[in-house]
Structure formats: C-alpha cells, structure tokens
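Asks: I would like the atomic coordinates for the input below:
(chains A and B)
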Amino acid sequence: MRKRSLGIFGVLLAFSLFAAACSDDGATDTTEATDAPAATDAPDTTEAMEDDTDTPDDTEAMEDATGVKACLATSSTGVDDQSFNASAWEGVEAAMASGVATSESIFLEPGEVSQYQAVIDQFVDQGCEHIVTVGFDWGETTATNALAQEGITWTMIDNILSDPDTFAPLQLPNVRELVYQTDEAAFAAGYLAAGMSQTGVLCTYGGGNFPTVSIFMDGFTRGAAHYNEVKGTDVTVLGWDSDAGDGIFTGSFSDMGLARSTADGLFQEGCDMIIPVGGAINLPAGDAINDLGIDAALIGVDSDAFFAMDQQYASLWLTTVEKKIADFVTDSISEHAAGSWAAGSVVGTLANGGVGLAPYHDWDDRVSDELRGEVEQLLADITDGTVKAAFTPVGY
Amino acid sequence: MTESGSTPKPDNADKSSQPDPDQPNSEDFLKNATGVGSSLRQALLIPALALLSALVIGALIIAVTDVDSLKLWSSDPGEAFSSTLRGIGNAYKALFVGSLGSRRAITETLFAATPLILAGLAVAVGFQAGLFNIGANGQMHIGGLVGLWVGFSVSAPTIIHIPLAILGAIVGGALWGGLAGLLKARTGAHEVITTIMLNFIALFMVDYLLTGTLFQAQGRNDPISKRADTTAQFPTLFDNYRVHIGFLVALAAVWFVWWLMYRSTIGFEFRAVGANPDGGKYAGMNVAWVYVAVMAVSGSLAGLAGANQVLGLEPYRAFSGFAGDTGFDAIALALLGRSHPVGVLFAGLLFGGLRAGGLQMQGTAGIPVDLVLVLQALIIVFIAAPELVKAIFRIKSVDDGAKSTVSTGWGS
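Replies: As a prediction, the model looks like this:
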C-alpha cells in the first residue's frame, strides 16, 4: 500500500507490469504442465480438454456456437496470486480452451472490497452469463447479486452463502458453491510432517482467521496429533490451537515483511516443517529457511507449489495440500454449457479428488518407504472413513 | 516563494539534476510539490501537463506490454503499428467510457471520488499548514470504526442517526490526527514519522477490535464487524446507483475547507504557520496549538472518509483494512490538487474516474487495472518534479512574480 505514495515506484511498477506481461506465456505453459499429473486423479472432464489446450487455433472456430461467457471475479489479491485465484482462472481458461466458454470470457481484479459491487455491475453490463466469484470475502456480494440477477449462473468458491441475519444456509437456485474439505488432505500432511521433522516441532501461520484458511491449519495440527497417538511421540505444532479455534495470523495476505518476521520467530522456536496458509505469504518463510541456512521444509497450499511458485523455492516444498479449484470451475462452466448444471454446494474431498496431497518432488528421496506407505494408508483410511479427518464440515 | 532558494547549496548541487542554478533547498522542494502559494496559472498548468505526460507514458507502457502486437513487428511493421495504436486507443477509450460514458459510469466515478475527496482534503489542510499528514489511512480507520459503532449501537431515526454517526467519525478521526499534532507540539516528534506509525497502530487496533465481542459479527471468527443499522446507512442519491449522500458531504467539506482556510482567522493562522512557523510565533500565534488544531481538522476529514467506506457501501461493515489505499492515494491527490480544496475536488473526481474506468479498461480492453496505479504514480512523479515538466514542455519559469507573496493562495 505504501508503494502508491512514492512516485519512483510508479516506474518500477511499470517495469514489473512489462515483466508480468512478458512472462505470461511462460507462466501458462508451466501451469498446464502442472495440470497433467493432477488430471490423473481428478474428475473426468479435465482429461478430455487436456488435448485441446495445445491447439488453441482449432477451438476458436467451435466456441462461438455453444460457449458460455464466463466472467471471473478475483479476491483482492488478484489473479496472479499463484494460489486459488490463479487456479480458478486456470479453470476458466480450460473451459475456454475446450470451447464451453467463449474467448470473450474475462476476469476482473477488484483492488479492494469497495470495488466488489462495481466488478459485478461491469460483468452484468458486459453480458456475462456465468459469474465465478473467488474467495470467502465475496459471500455477501454474491448473495445479493445472485438474488437480483436470476438470469445469471453463479459459481461461488470458498463460501457457503448464508443469510446475514439468521446464518441459515441461503440456497439459491442459480448459485453453486464450491467448497473443499481441505482438512482431509491437511491431516495427512500433518502426519507426514510429524514423521519428517527432526526437531519434533511443526508450525503454521495464516493470513487471517477465515474458515477457509484455518481449516488447513486445523487439519494439519490434528494430523500431527494423530501421528503422536500412533507412534507415541511428542511432536508439537506451533501456530494453531484446535480447541481455541485460534492461532498465529499475520492479518494480511500481502504483507511479506510481517510474514517473514512471523516465520523467523517460528523457526527460532525450533520449527522445521512449516505450512503457511494464504497465497504468496508462504514465500517469506522460504526466504527465512534459505537465509537462516536451516534444514527445514515448506508445505504448500492450493496449487502444487513446486510448479506454482518461483523456481528458487522449488527444493523447499515437502508437498502441497492441494485444492483442485480449477477442475471444479471448469466442470461448473461445462455443465452450464451442456444444460446439466445444478445449484447447491459441491464439496471437494479426497474421495472425489477435490483435495489431495501433491508429490514430494525434491524431498522424495528423504521420505522413508515406511512413512510413505503410512501416509498412503492414511489417505485411504480417511477416504473410506476409517480415520475421521474432517472435523470442520463444509457444505450442506 | 516557490523559487526563493537563493542560497546555493554546493552539496545538493552535485547530486541534483535540475538545470536551475539557484538550487531550491528541500523545504522549497516540498512547497513546490504541494503547490501551496502558487499562482492560478501555475496551479492549473503543471497538473494538466503532468496528466498529459502520464497518459503518454501510459500509452507507451500499453504498447510495450502488448505482446501480440510486438510479435508482429518483425513480420509486418505496418500492421504492428496500427495494432499497437488500436490497443492504446481501446484502453483509453474504455477508461473514458468506464468513467464518463454512461449514467452508471458517472455515478461510479462520483462514488469512487467521495472518500478520495475527503481524504485528499485532509492531506491538503496539512500541506497548507506545512504539515505532512501521511496518516489519513489510520485516521480513516479510527473515524470509520467510531462512526460504525454509533451506526449499530445507537437506535435513532435516520435524520438523527446519520449526522450522529458522521459526528462520531469526525471526533474519532480528529482525536487520532490530533494525537500526532500533540506529539509534534509537545515533543517535537516529526508528524511524518508519527502519522506513519499511527497508521499501523490504527490498522492493527481495528483488527483487534473487530475480533472482540463489541464489534465482531455473530457467527464469525474473522475480523468483520456487525452491520450498521439501516437508519445509519448513507442513502443513495439515485435508485440502483451506488453514489450516496456522502458525495454531498464531500462537497460540503470542500466548501468548509475553503471557508476555513481562506475566510477564517484560524485558517489564516494555519497558513501563516505553514508559510513560516517562526514568523507565526513572532506574530503572536500559538504555533503548538496550531499544530494540534491542524492535525485534528485533518484527521476529522479523514475520519469522514473512513465513515464513507463503512456506512456508504455494501456490506455496511468494517473489516480488516477497510480503508484500503484511499489514505495514500489522498496524498497524491492533494499534490495534484495543489492543496487547494477546489483543486482537490477535481483531482478527486479524476482519480475517482480512473478507478471507475480502470475496471472497464480491464474488462473490455484486457489492460490490467494496475495501469491506473501506474498512471497515478506517474502523475505524482511529474507533479513532484515541476522542473521536469517545465523542461519537457520548454516552459520558462512563469511564476517569478509570485515568489515574494506568502499568503497568495489559489483564487484568493
């Protein structure tokens, strides 16, 4: 926020804009690459469109006939957050590539909450048929506008709409809510991290105490506790208290300095496995590991961080607690185009591939076969309900 | 007074790139930038040329970031050129249509301009008195929160409730701003430092309060407040458009600041102290009191802007960082408006238009809204360095005649 008050940063901003535009091509290439391994355990539709993404020219012709004009409203962190906004836009891009969404599909990035309504007005003016709103914050704006705009189909990510006064679920006939039982996968990540930790101290911090953030922290903490139960160890988790429902939050999804000092503090307390939750605020933790020269690992959230985040951090990712937003967004748009769309909440779970653990990548050699097997077994047990990992039910 | 640095400073002269042999010292540089005491012609000319220059550079940025057109340069330069021009044209057209092209666009411009004008006035009042209030953001947070508290804890009919909430915001902002003034008056702590620090204190204090039982919305764990009562929500001026009575409040504030600064004794003291604190003291003014008063007035205007962000738009709640970047944009805006209330009004409308048009630009022309920030920043670069603008447009120093008059303001 300070950058705006200082003119010189305008020039820097200009260059970064230039750099961003230039790197765009590269970025989309890598994200498509990430989709490929993910598609194996993801819902069926992705596999079909994977072929099309490489030949955009062919799809231009067919999209005019059937495509839906899909419009994506990002949260205030913007579309290039290397996290859920980016993932949601990938979903729209995939729909565009396969022709179910028109090439006219757009995204808008409101800089702050006061612009949320303006974004929706802009979408309505531009004749959007399917509006995707990303982030818990969007709940109220989505609810009011979905009520007013019955002709538009809405996909709400990360929020179950509720009546602001009674808190009862607000089940609108034109809204589909995509929510994720992220704690299922985070539970397994907590177990894995507990098994990998040399110091016996794990840690986490979040951008803000939103349910969509804390669910990662809660699952992770309970997973570590489960490891203690099974192994009789005494691994501790700093940064989240499941009983109090509170933990360490920076209060910002963009303040890198604050994230860095938070991470520094946690590492000083001996933590060597950290899962920061909230877009790019996990990168300062990576910087801290590099600067302090400690043997520690990061655990990513949302999209497989090994691919989504800058290459310089690649060797630090133990795994990622994945939330497959892209696939579910694509599904929603595809079903809208095909006429089979239905309202209601869709919960991403381990069972339906909506959440999952990413590969260990550079840490692969260091995960013992025993632990690897245990984590796989745990994932299977959570999927079939033998182990109860979901403590915060989402959806209705 | 804008060119009054007659003593050359050798240590500065080496580093500075300004062609003028009479090096202005840093005080004069700040006065140059804030435009306090500049003539009408200067006050209009520099911002207009700064805007023009910013748009030209913005166009260049659009051109060099237009990857598709850039690729064409090697194969078909003619087509590449026209495609680049089309891109620039589309972007600026969208910016224009999005800010002025329809009834919705115009009302959105007014809506976005409302908090900007108020916060801009806050900063401008400080500038006039020689104080740099970087703390509009913090004052917005505190003012907004107090306004909101009145908005949900008091039951009253609209006609009483809204003025009461506005009063709460004014008091909250005035106290927070006055605190920085008091620190300067009593301890000599520089207001730039204290206001910046008070911003952080306000930001995190709001975060903390929003998770407490007094403010937090029921059934929520995140920092978000209860909703203001409908009787405290600013009514919109037209059905289906978001511009609300806050805009009228902003217009009233413009008039009030003009009256205060140019028609009242207190305002004269503000400006006299701003022009020369020692002179003010010699003339029998209580400079310490003026610092507190200026910061309190400045804070109260920012507090009003904060109330706008909470009581003037859906969801009529306070949340973490609800003041956004308005408090910082306000600094740019006060510079552009040359610290005159009328100048701030037009600068606020311009920035509001950029904000409203920015979304349209991204929506229809695919240019990231960030370009709007780049434009704003460029405008400030040119405003802050008037010599640069003069050099680019080969303007002779037009303002020599005004340099000895202290209290000449815009239009007075």
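
Asks: Can you tell me the centre-most residue of chain B?
Replies: Residue closest to the mean C-alpha point of chain B, counted by CA atoms, centre = their mean, is B:Ala330 at 1.5 Å.

Asks: Do I have it right that that one meets B:Phe127?
Replies: No. With contact defined as CB atoms under 8 Å, B:Ala330 and B:Phe127 do not form a contacting pair (10.9 Å). Any C-beta I mention is one placed from the backbone N, CA and C, and that applies to glycine too.

Asks: got any residues that touch both of the two?
Replies: Common contacts of B:Ala330 and B:Phe127 (CB atoms under 8 Å, 6 or more residues apart in numbering or on different chains): none found.

Asks: re the thing from before, for the residue nearest to the centre of chain B, what are its contacts?
Replies: With contact taken as CB under 8 Å, 6+ apart, B:Ala330 is in contact with B:116, B:119-120, B:122-123, B:136, B:302, B:305.

Asks: Rebuild those as JSON lines, extending it with pLDDT and distance to B:Val381.
Replies: Below are these laid out as JSON lines (pLDDT from 0 to 100; distance: CB to CB, whole Å):
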{"residue": "B:Leu116", "pLDDT": "97", "distance to B:Val381": "19"}
{"residue": "B:Ala119", "pLDDT": "97", "distance to B:Val381": "21"}
{"residue": "B:Gly120", "pLDDT": "97", "distance to B:Val381": "18"}
{"residue": "B:Ala122", "pLDDT": "97", "distance to B:Val381": "23"}
{"residue": "B:Val123", "pLDDT": "96", "distance to B:Val381": "18"}
{"residue": "B:Ala136", "pLDDT": "96", "distance to B:Val381": "20"}
{"residue": "B:Ala302", "pLDDT": "97", "distance to B:Val381": "24"}
{"residue": "B:Ala305", "pLDDT": "97", "distance to B:Val381": "25"}
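
Asks: roughly how far apart are A:Thr330 and chain B?
Replies: A:Thr330 sits 21 Å away from chain B, going by CB to the nearest CB, to the nearest Å.

Asks: In the stretch 51-200 of chain A, where is pLDDT below threshold?
Replies: The model of the stretch 51-200 of chain A has pLDDT under 70 over residues A:51-66.

Asks: Spatially nearest residue to the residue nearest to the centre of chain B, not counting backbone neighbours?
Replies: In space, and not counting its chain neighbours, B:Ala330 is closest to B:Ala119: 3.5 Å by CB to CB, 6 or more residues apart in numbering or on different chains.

Asks: That neighbour contacts B:Thr326, correct?
Replies: Yes. When contacts are counted by CB under 8 Å, B:Ala119 is listed as touching B:Thr326 (5.2 Å).

Asks: For the two, indicate the residue with more neighbours.
Replies: Neighbours were counted for B:Ala119 and for B:Thr326 using other CB atoms under 10 Å in any protein chain shown; B:Ala119 has more, 37 against 29.

Asks: buried residues in the helix or strand hosting the more buried one?
Replies: Assessed by DSSP states H and E, B:Ala119 sits inside helix B:103-128. Neighbour-count burial for helix B:103-128, with 16 or more other CB atoms under 10 Å in any protein chain shown as criterion, is recorded at B:104-128.

Asks: cool, stretch A:375-388 as well?
Replies: Within stretch A:375-388, the residues that count as buried by 16+ other CB under 10 Å are A:375, A:378-379, A:382, A:387.

Asks: With just CA atoms, put it into CSV.
Replies: Output in CSV follows, covering the C-alpha atoms of stretch A:375-388 (Å, rounded to 0.1, in the frame of the first residue of the first chain):
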residue,chain,number,x,y,z
VAL,A,375,0.7,-41.7,4.5
GLU,A,376,-0.8,-43.6,1.6
GLN,A,377,-2.6,-45.9,4.0
LEU,A,378,-3.8,-42.8,6.0
LEU,A,379,-5.1,-41.2,2.8
ALA,A,380,-7.0,-44.4,2.0
ASP,A,381,-8.4,-44.6,5.6
ILE,A,382,-9.6,-41.0,5.5
THR,A,383,-11.2,-41.6,2.1
ASP,A,384,-13.2,-44.6,3.3
GLY,A,385,-13.9,-43.0,6.7
THR,A,386,-11.9,-45.3,8.9
VAL,A,387,-10.0,-42.3,10.2
LYS,A,388,-12.0,-39.3,10.8
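
Asks: And the contacts of it?
Replies: Taking CB under 8 Å, 6+ apart as the rule, stretch A:375-388 contacts A:184-185, A:187-188, A:191-192, A:195, A:226, A:349-351, A:356-357, A:389-390.

Asks: Kindly check the end-to-end length of stretch B:275-294 for me.
Replies: 14 Å (CA to CA, to the nearest Å).
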